[in-house]
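Q: model the structure of this input:
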Amino acid sequence: MYPGNNSTLTITNGIDLAGEGGMVWSKSRNTNDNNRVYDTERGTTNGLITNATNDPVAWGDFVSFNSDGYSLASGGLTSPLASNFVSWTFRKAEKFFDIQTWTGNGTAGKVISHDLNSVPQMIMVKRTDSSGDWLVYHWRLGNDAGMVLNDAGSSGSYGPLNNTTPTSTQFVLNNNANANANNGTYVAYLFAEEAAFGEDEDEYICRVDRYNGNGSTKTVDLGFEPQFLFVKKAGSAGGAADWILVDSMRGLPVGGNDSFLAANKSAAETSTLNAFNLTATGFTVATSDYRVNTLNVAYIYMAIRRPMKTPTAGTEVYNNLANRVGTSAAATISGVGFAVDLMIPFAETTGSSKPFVDRLRGATKYLLPPYTNAEQTSTNVVTSFASMDGVIVGADSLQVINNYYSSSRRYAASFFKRATGFMDVVVANASNPAAANSHNLGVVPELIIIRRTAYTGNNWSVSTNHTSTTMTSKWLNSTSVSGQGLNTAYTANYNLLGAQPTATNFTMINQSDGPFACYLFATLAGVSKVGSYTGTAATLNIDCGFSAAARFVLITRVDAAGDFYMWDSARGIVAGNSPYLIINTTGASVTNTDYIDPLSAGFTVTSSAPAALNASGGNYIFLAIA
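A: Have a look, this model is predicted:
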């Protein structure tokens, strides 16, 4: 995502287009403009339009394909200033994506070699020397059928193939003029689903398949959580339907309206339908709307996995800001360094709540730890997570980050990114308490914060396995603490967990009405540490195994009543007074105490810390991030 600047602009996305090659598909989100496609095989001056039959247009949008993204010229894909843009970049890679060009001979049976080293499941073909439809082969439609990308119509005899199954090295064309006219020139974009990554090379990143509509709700198991869905109604029953493009950057909130663009239309983005809800293992079709779920009608799709890279530094997944002056106007907070999945903003100099705002539930929804209120909705908190480097906030953000332009009022925030081994966010619907809720942490969670979102009067459950062999729990909105052990009766203690969590799932007990917002943390060497310590009432060094001092520390007592204390490096973790917040209250940042100091491998709890942090023999849990 990027805003228009009506000038030159370099997009850095970490994808090597200059060396590896690939394709960039871009679209204005809030203006009526074409879907524009450029690729490294045809160069920077030949743009294609997926919503039209046009031959390539020399818009002059692109300046260069770079080793870490691409550069755009002034105008076109950077104009106007009021426009916001989305781009999807596909890098050429074996078993995932390839680009091929050819000159036709007008004879059925022409063979085109490719470099996928895998059987392509979807092929998009476009004539480039004159106008013509985009022909789409999808393996679920059969070798003699296809669809037209620039049209909302259903499946028919539009395929580019000569009724021959593609192989891992080639595909065979028919003599359709849109794929193989004599002396015509063409480009094809090929997608496969065998590319796998991870330590065991078993983490597949793409799925090309279909689901059959049931006119109700439909669960689709991919084996991974997607970040991008490309869906098309293949049957004719119920009427023509667009080629739908949705992604988690623009917005796929669980239970909220999705941000729709259509490959076959130039229309601006719409957000009027809750079509898809993401899960840790796929997605749920949440409506009977004809575009996505007509009874007994097939829908073809391509799904691409969200990033699963294990971080090696805390700066990849956590950052903070402080001393910010509000403007009472919508603003973009940049410089975070990553796409944000969870934000906790607060006022530094006056009392305020500390709302939890996360990408999974949607940018405009928030939960308030000091209270037992149900989930609230406001466009003045975070209006969008559609940034690779921060968030967009509203006019006042509940007066906790952007309200009142005043030299005496300051705001701060902590930002978190979901990543393997570090943190995950799950929106669980516990209609069946015994059912497992899948997660993508990749390891056993060591700290879980759970909040029922739909009802007022429910508490925040915080559970950790760092004080005994089972989970210990307490309320985040209270100083109270439970006894040891998992929940056997909801009223008996403070745990919403039904059993010990595993590296793939967790369960809840005595709860039948979700959803629940669940925040899972774990220890990742050099990045994060979930741990415990026994107080000494003297200076106590907490070695987290970091290469530098912790930049974030959260501590609470678990053997007696105690608040949740939070420090961050933006406000200062220093050898001296280090400002802290108490999350379970609305109090302002306290600046005149020296309760923790920096330590080269973590942090130090000082001898001046109160019993809530360092009583002799007291038991404490903490979360620290490097």
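Q: from residue 86, how far out is residue 604?
A: Using C-beta to C-beta, to the nearest Å, residue 604 is found at 46 Å from residue 86. All C-beta atoms are positioned from the backbone trio N, CA, C, and that covers glycine.
Q: wait, what's in contact with the residue nearest in space to the middle of the chain?
A: Nearest to the geometric centre of the chain sits residue 248, at 5.0 Å (C-alpha atoms, centre = their mean). Contact analysis of residue 248 by C-beta atoms under 8 Å, 6 or more residues apart in numbering lists 226-228, 278, 306, 359.
Q: now do residue 278
A: By C-beta under 8 Å, 6+ apart, the residues touching residue 278 are 225-226, 248, 252, 254, 360.
Q: make a ChimeraX selection of whichever of those residues turn out to be buried.
A: Buried members of the contacts of residue 278, defined by 16 or more other C-beta atoms under 10 Å, are picked up in ChimeraX with:
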select :225,226,248,252,254,360
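Q: in strands, which of the contacts of residue 278 appear?
A: Secondary structure from DSSP state E places residue 226 of the contacts of residue 278 in strands.
Q: quick one on the thing from earlier: roughly how far apart are the residue nearest to the centre of the chain and residue 224?
A: Taken as C-beta to C-beta, the span from residue 248 to residue 224 is 13 Å.
Q: same question, residue 213
A: For residue 213, the distance to residue 224 equals 22 Å [C-beta to C-beta].
Q: same check, this time on residue 54
A: 36 Å.
Q: check residue 102 too.
A: 33 Å.
Q: more neighbours: the two, which one.
A: Using other C-beta atoms under 10 Å, the more surrounded residue of residue 102 and residue 224 is residue 224, with 21 against 18.
Q: spit out the contact partners of the more buried one.
A: So residue 224 contacts 203-205, 207, 281-282, 305-306, 308, 440 (C-beta under 8 Å, 6+ apart).
Q: tabulate the residues you listed (a markdown table), appending distance to residue 501, pLDDT and neighbour count.
A: What follows is the contacts of residue 224, written out as a markdown table (distance: C-beta to C-beta, whole Å; pLDDT from 0 to 100; neighbours: other C-beta atoms under 10 Å):
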| residue | distance to residue 501 | pLDDT | neighbour count |
| --- | --- | --- | --- |
| 203 | 21 | 79 | 16 |
| 204 | 24 | 89 | 18 |
| 205 | 26 | 93 | 22 |
| 207 | 26 | 97 | 20 |
| 281 | 16 | 95 | 18 |
| 282 | 20 | 97 | 20 |
| 305 | 22 | 96 | 20 |
| 306 | 21 | 95 | 17 |
| 308 | 19 | 86 | 17 |
| 440 | 13 | 95 | 20 |
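Q: for residue 127, state which of the residues you listed is nearest.
A: When the contacts of residue 224 are compared for distance to residue 127 (C-beta to C-beta), residue 207 wins out at 28.7 Å.
Q: would you list the phi and psi of that closest one?
A: Main-chain dihedrals, residue 207, degrees, to the nearest 10: phi -140, psi 130.
Q: identify the bridge partners of it.
A: With DSSP bridges applied, residue 207 shows beta-bridge pairing to residue 303.
Q: wouldn't it be in contact with residue 302 here?
A: Yes - Residue 207 is within contact range of residue 302, at 7.2 Å (criterion: C-beta atoms under 8 Å).
Q: so residue 585 sits against residue 371, correct?
A: No - judged on C-beta under 8 Å, residue 585 makes no contact with residue 371 at a distance of 10.5 Å.
Q: which residues touch residue 366?
A: Residue 366 neighbours (C-beta under 8 Å, 6+ apart): 355-357, 375-378, 381-382, 398.
Q: would you agree it falls within a helix?
A: No - using DSSP: H, G, I helix; E, B strand; the rest coil, the assignment for residue 366 is strand, not a helix.
Q: which parts of stretch 313-331 are buried?
A: Within stretch 313-331, the residues scored as buried using 16+ other C-beta under 10 Å are 314, 316-322, 324, 326, 330-331.
Q: what about the helices in the stretch 101-250 of the chain?
A: 177-180 (DSSP state H, counting those that start in this stretch).
Q: can you give me the end-to-end span of stretch 60-71?
A: 11 Å (C-alpha to C-alpha, to the nearest Å).
Q: show me what the mean pLDDT comes to for that stretch.
A: What stretch 60-71 shows for mean pLDDT is 95.
Q: what's in contact with that stretch?
A: Contacts of stretch 60-71 (C-beta under 8 Å, 6+ apart): 8-19, 21-22, 24, 26, 36, 38, 40, 44-45, 47, 72-73, 75-77, 89.
Q: and with 7 Å instead?
A: The set of residues external to stretch 60-71 that reach it, using C-beta atoms under 7 Å, 6 or more residues apart in numbering, is 8, 10-19, 24, 36, 38, 40, 44-45, 47, 72-73, 76-77.
Q: in strands only, show me those.
A: 10-12, 24, 36, 38, 44-45, 47, 72.
Q: which one of those is nearest residue 570?
A: residue 12 (23.7 Å).
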